[in-house]
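Colleague: just a sequence and a predicted model for now, questions to come.
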Amino acid sequence: AEKLKEIFPFVDKFKFLNSGTEACMAAIKIARAYTGRSRVLSEGYHGWSDDFVSLTAPACGVPGRTWIEKVDISGKLPTSNFPAAIIIEPIMTDDSQERIETLHKLRKWCTENDVVLIFDEVITGFRYKKYGVSNCYGIEPDLICLGKAMAGGMKLAAVGGKADIMDNEQYFVSSTYA
């Protein structure tokens, strides 16, 4: 955790988990407990949990969810009924200047509307310049999810954020490594 804090200085605390999917699921729980709101917006792939699979057609075997919705962050964001969080892959295959500007605008929108910004850097963490998109472009998410390359292929992931968000005792996240 101390080494991760050196690499990602905007993070105060980390919680370790088994997989990137678990880190993303934990981040949503932490954000919802912190804000007291349940709605979540999602862009990108965040793992195979039912909550995320429900957003991807055909979602066979997974009932729909009413609290989580797909969003295109380059489009129009809500002006009311703000979600607890927005979880995104900061870049998937697009690290254009336009995408980076969109990420900066999203950070501003989240701050102005008390929405927790979650960067799912399970793919980009430790594989992108300066160890991640957040570091490379100076965009500090409220929560960051890391995995895959962090442990050189071993089963390990983490979710991290500011102490005021991570220390909220209103959420429950547990697993063998949590």
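Modeller: That came through fine.
Colleague: all contacts plus neighbour counts: C-alpha atoms, from now on.
Modeller: Noted.
Colleague: dump the residue contacts of the residue nearest the centre of the chain.
Modeller: Centroid check for the chain by Cα atoms, centre = their mean gives Ile118 as the closest residue, at 3.0 Å. Contacts for Ile118 (Cα atoms under 8 Å, 6 or more residues apart in numbering) come out as Ala27, Ala85, Ile86, Ile87, Ile88, Pro141, Asp142, Leu143, Ile144, Cys145.
Colleague: quick check: strands, which of the residues you listed are part of them?
Modeller: Assigned to strands by DSSP state E, the following of the contacts of Ile118 qualify: Ala85, Ile86, Ile87, Ile88, Leu143, Ile144, Cys145.
Colleague: turn those residues into a markdown table, including pLDDT and distance to Tyr128.
Modeller: Putting the ones in strands among the contacts of Ile118 into a markdown table (pLDDT from 0 to 100; distance: Cα to Cα, whole Å) gives the following:
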| residue | pLDDT | distance to Tyr128 |
| --- | --- | --- |
| Ala85 | 98 | 24 |
| Ile86 | 98 | 21 |
| Ile87 | 98 | 19 |
| Ile88 | 97 | 16 |
| Leu143 | 98 | 18 |
| Ile144 | 98 | 14 |
| Cys145 | 98 | 14 |
